[in-house]
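A.B. asks: take a look and give me a structure for this.
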Amino acid sequence: MRLEGKVCVVTGSSRGLGEAFARGFAAEGATVVVTYSEQAAAAEKVAKEIGADLVVQLDQRDRDSINQAFGRVGEKYGRIDVLLNNAGINRTADFDQQTDEEWNEVLDVNLTGVFRCCQEVLPHISDNGRIINIGSLSGQYGGPRTPSYAAAKGGLIQLTYNVARFLAPRGICVNTLSPGVIGGDLTEKTMSPDVKETALSLMLIKRFAIYDEMVGGAIFLASDESSYMTAQTLSINGGAWVH
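C.D. replies: Numbering: from 1, shown residues only. So this is what the prediction gives:
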């Protein structure tokens with residue numbers, strides 16, 4: 001029960017990787033706040049199954065939505081101990097086919113949205129708390145078919161460094177967890193066979209990950225075990241990016 005007594009907000013936790021994080025945190029004793037942008041029913045289902053008492057709508061494109069969501073958590077629990085910035089989108093396209101609209105949408109949600117969340121959580125987050133930003137192998141490797149996503153996630157790593165420096169006097173640790181390619185419906189929809197082959201060729205472990213393989217790293221970063229770790233990128237990618 002490494003997270004017992006900790007109030008943890010997981011953005012985008014109605015499905016996918018965010019849901020896996022929420023379930024993992026709850027299993028470690030955390031008080032989990034489930035958030036969603038549009039899928040309220042799915043979020044309520046996750047909350048019921050993990051015993052979460054609070055579900056809030058949080059749209060990273062809207063600062064007022066973020067402020068209201070964190071305000072509700074503060075009113076109910078008095079603080080936020082861990083903010084896990086997981087919510088994001090992707091618009092896959094070759095570089096010469098990516099539109100301005102797709103670029104702006106992905107940057108707004110995946111980078112500027114996390115910037116907004118990190119700012120708006122400041123009045124609520126505990127001293128010695130944790131902020132975990134979910135990066136991506138794409139942000140380290142550079143794509144290959146996700147120029148906007150790669151740019152956003154690469155920028156997120158630098159944002160993590162900056163926020164870590166700013167919050168160090170309060171003892172708040174800020175890190176990036178950078179997953180590799182995770183198998184599932186989204187991968188099937190967005191990755192062509194040749195891109196999958198390229199991705200697998202990069203990996204030392206010759207398979208795609210599953211959601212649960214990301215959860216242990218997030219629990220570590222949220223727990224007291226990571227009290228001397230900040231401004232770092234924890235990569236869980238099967239050896240696809242070695243640096």
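
A.B. asks: in the chain, where is pLDDT below threshold?
C.D. replies: 186, 242-243 (pLDDT under 70).

A.B. asks: 90 - rerun?
C.D. replies: For the chain, residues meeting the criterion pLDDT under 90 lie at 141-146, 183-199, 201-202, 241-243.

A.B. asks: longest strand in it, please.
C.D. replies: Determined from DSSP state E, the single longest strand within the chain is strand 125-134.

A.B. asks: would you mark the buried spots in that strand?
C.D. replies: By neighbour count on 16 or more other Cβ atoms under 10 Å, the buried set for strand 125-134 is 125-126, 129-134. Just so you know, the C-beta spots here come from the backbone N, C-alpha and C atoms, and that holds for glycine as well.

A.B. asks: possible to save those residues as JSON lines with distance to residue 73?
C.D. replies: Formatted as JSON lines, those follow (distance: Cβ to Cβ, whole Å):
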{"residue": "125", "distance to residue 73": "10"}
{"residue": "126", "distance to residue 73": "12"}
{"residue": "129", "distance to residue 73": "12"}
{"residue": "130", "distance to residue 73": "15"}
{"residue": "131", "distance to residue 73": "14"}
{"residue": "132", "distance to residue 73": "16"}
{"residue": "133", "distance to residue 73": "18"}
{"residue": "134", "distance to residue 73": "19"}
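
A.B. asks: contact partners for the residue of the chain most remote from its centre?
C.D. replies: Largest separation from the mean C-alpha position in the chain: residue 96, at 27.8 Å (Cα atoms, centre = their mean). If you count contacts by Cβ atoms under 8 Å, 6 or more residues apart in numbering, residue 96 has none.

A.B. asks: make sure it is indeed in a helix.
C.D. replies: Yes - judged by DSSP: H, G, I helix; E, B strand; the rest coil, residue 96 forms part of a helix.

A.B. asks: related to what we said a few turns ago, residue 227: which of the buried residues of strand 125-134 is nearest?
C.D. replies: residue 130 (9.4 Å; Cβ to Cβ).

A.B. asks: skip the chain neighbours and tell me the closest residue to the closest one.
C.D. replies: Spatial nearest neighbour of residue 130, chain neighbours left out: residue 82 (4.5 Å); criterion: Cβ to Cβ, 6 or more residues apart in numbering.
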